[in-house]
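**Student:** Got a predicted model here, sequence first, then my questions.
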Amino acid sequence: MALVIGAAAWCAKTLLVLFPLEIPILGGNADVSGGNMSICVPENRREWIRQGESLVRSSIGRALCQVLDLVIDIPVTSRKYEFARSLADRILADNSRYGGPALKEINIRALEGGFSRTVFLLTKCLARLHRQQQVEAWAWPWRMLKDLPFSLIFHCLPPLLTSLKDGFGTALHNPLMQMIVPAGLSSACDGGSSSSSSEIVAEKLANELLWMAQRLKQNSALEVAILHWSSATQLAQWSLTSSSRVQKLLVKLSAFLCAGLVSLDVELQPEVTLRLLLLWLPLLCRTSHAIDETTLSSSDKIDTEQILSKVIQRLPDSYQELVLAMWLTEYVGSSSDWPNIQGCYHGWCQSTRKLYY
């Protein structure tokens, strides 16, 4: 009986490798290392930075890019993390204080590159975390087999399976192969880190996004973060299944950027606002039960509702309909009463009725 169970479990895992679940995994070289909770960074860092000529030719620009890269890469548990963060703040502040438009532009371009890179890394991290959770959920048959008396037989399988994986190449080069091969045979940057380590990294990256958005606002360039946030489709998707700690930071950042839409001196295209609202309203509605006073105070929640109403009312009627329809669906399906923009919804209904007077 035990042999039958073992054979069935092995066949099930093999089928999952040959016919994998549809788990969208982003490309790229960024990864999470379970050993020290750091991030494996691509060799060519400059591919992340949209540098203008002034940034490339400027020594202070290159220095700022390096420091921002280090802030993103250093684990938050490192004692040098605060040093790197304070150094970045010092360079940004001095550029704004002592420089003219050229140094301000350097600040903006460097922060834009860091923000864009962090969005990618966080998306990759959340996608990998989702994969790890699925792998861990399916790992119980292997743990059960290892406890059986004939488990010595299965200890001979990993080398064979590893060679088969190498032999078949791309056909079997699938992340779910790790469900068959026990942990420890793959490198830290090939999905071997634990879910808890990935969650710590994801929380750290989300915090960096909020920090860089605040620095962009200080340099009168919050629209840069808004443009990138309105295009982060995959990050918005993965955020819905992320941990509550990550969700709180992303909700705080989304509320911060929505407030920027009202106070911006630069007028953005309505399509940008529409994309941002359609992407991030579901997160605001679905995670509101986890939002406490440390994330948004009661007054902040009220202010955010008012800001959302103002932002929506500035959109064309057809765009308002799309946003409000999504809000209503998400709000009704949520256990929380925030964000309640019912007044904005009634206002849109009233303005639509006037077309039939």
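**Tutor:** Cool, the structure landed.
**Student:** got any ranges where the stretch 51-200 of the chain has weak pLDDT?
**Tutor:** 51-57, 136-194 (pLDDT under 70).
**Student:** one more time with 90, if that's ok
**Tutor:** Residue ranges of the stretch 51-200 of the chain with pLDDT under 90: 51-58, 98-100, 130-198.
**Student:** Okay, L276 and L227: tell me how far apart.
**Tutor:** According to CB to CB, to the nearest Å, L276 and L227 sit 9 Å apart. Placement of C-beta: from N, CA and C, glycine included.
**Student:** So for those two, which residue has more residues nearby?
**Tutor:** Between L276 and L227, counted using other CB atoms under 10 Å, the more crowded position is L276 (24 against 17).
**Student:** For that one, give me its contacts.
**Tutor:** I226, W229, S230, S254, L257, C258, L261 (CB atoms under 8 Å, 6 or more residues apart in numbering).
**Student:** For my notes, confirm it occurs in a strand.
**Tutor:** No: counting by DSSP: H, G, I helix; E, B strand; the rest coil, L276 is not part of a strand but helix.
**Student:** shouldn't I74 be in contact with E82?
**Tutor:** No: I74 is beyond contact range of E82, at 9.6 Å (criterion: CB atoms under 8 Å).
**Student:** Show me which of the two is the more surrounded one.
**Tutor:** I74 (19 against 12).
**Student:** so how far is E208 from the more buried one?
**Tutor:** For I74, the distance to E208 - CB to CB - is 10 Å.
**Student:** Would you mark the buried spots in the one helix or strand L121 maps to?
**Tutor:** Using DSSP states H and E, L121 sits within helix 101-137. Buried residues in helix 101-137, counted by 16 or more other CB atoms under 10 Å: 103-132, 134-135.
**Student:** Next: stretch 260-279.
**Tutor:** G260, L261, V272, T273, L274, R275, L276, L277, L278, L279.
**Student:** Would you work out how far apart the start and end of that stretch are?
**Tutor:** 17 Å (CA to CA, to the nearest Å).
**Student:** check contacts around V262.
**Tutor:** So V262 contacts I307, K310, V311 (CB under 8 Å, 6+ apart).
**Student:** Can you tell me which of these are buried?
**Tutor:** I307, V311.
**Student:** For L64, which non-adjacent residue is closest in space?
**Tutor:** A110 (4.5 Å; CB to CB, 6 or more residues apart in numbering).
**Student:** how much space between that neighbour and L281?
**Tutor:** 30 Å.
**Student:** next one: R353
**Tutor:** 24 Å.
**Student:** which of the two has more neighbours?
**Tutor:** Neighbour totals were compared for R353 and L281, and L281 leads with 24 against 9 (other CB under 10 Å).
**Student:** element containing that one, please.
**Tutor:** Using DSSP H and E, L281 sits in helix 270-286.
**Student:** what ranges do the strands span in this structure?
**Tutor:** Assigned by DSSP state E, the strands in the chain fall at 31-32, 39-40.
**Student:** So what touches stretch 341-355?
**Tutor:** E305, L308, S309, I312, Q313, D317, Q320, E321, L324, W327, L328.
**Student:** doesn't G61 make contact with R109?
**Tutor:** Yes: the pair R109 and G61 qualifies as a contact (CB under 8 Å) at a distance of 7.4 Å.
**Student:** So which bits of stretch 314-325 are buried?
**Tutor:** In stretch 314-325, counting by 16+ other CB under 10 Å, buried: L315, Y319, Q320, V323, L324.
**Student:** what do you get for stretch 60-77?
**Tutor:** For stretch 60-77, by 16+ other CB under 10 Å, it's 60-62, 64-65, 67-76.
**Student:** Could you do stretch 331-346 as well?
**Tutor:** So for stretch 331-346, counting by 16+ other CB under 10 Å, buried means Y331, S334, W338, P339, N340, I341, C344, Y345.
**Student:** Would you format the residues you listed as TSV with pLDDT and distance to W238 included?
**Tutor:** Shown next, in TSV, are the buried residues of stretch 331-346 (pLDDT from 0 to 100; distance: CB to CB, whole Å):
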residue	pLDDT	distance to W238
Y331	95	22
S334	89	19
W338	92	22
P339	95	21
N340	95	26
I341	97	25
C344	97	28
Y345	97	28
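**Student:** Name the nearest of those residues relative to R215.
**Tutor:** P339 (26.2 Å; CB to CB).
**Student:** quick one, phi psi at the closest one?
**Tutor:** phi -80, psi 130 (degrees, to the nearest 10).
**Student:** Show the model's pLDDT score for the closest residue to it other than its chain neighbours.
**Tutor:** Nearest residue to P339, sequence neighbours excluded (CB to CB, 6+ apart): E305, at 4.8 Å. Note on E305: pLDDT of 96.
**Student:** Tell me how many other residues crowd E305.
**Tutor:** For E305, using other CB under 10 Å, the count is 19.
**Student:** next one: R79
**Tutor:** 7.
**Student:** T241 too?
**Tutor:** For T241, using other CB under 10 Å, the count is 14.
**Student:** ok, it - contacts?
**Tutor:** Taking CB under 8 Å, 6+ apart as the test, what T241 contacts is L126, H130.
**Student:** separation between it and L283?
**Tutor:** T241 is 11 Å from L283, by CB to CB.
**Student:** do E105 as well
**Tutor:** 32 Å.
**Student:** Show me the helices in the stretch 151-300 of the chain, by range?
**Tutor:** Taking DSSP state H, counting those that start in this stretch as the test, the helices found in the stretch 151-300 of the chain are 151-155, 157-168, 195-218, 222-229, 233-239, 244-263, 270-286, 298-313.
**Student:** if I look at the closest residue to Q313 other than its chain neighbours, how far off is S198?
**Tutor:** Nearest non-adjacent residue to Q313, counting by CB to CB, 6+ apart: C344, 6.4 Å away. Separation of C344 from S198 (CB to CB) stands at 37 Å.
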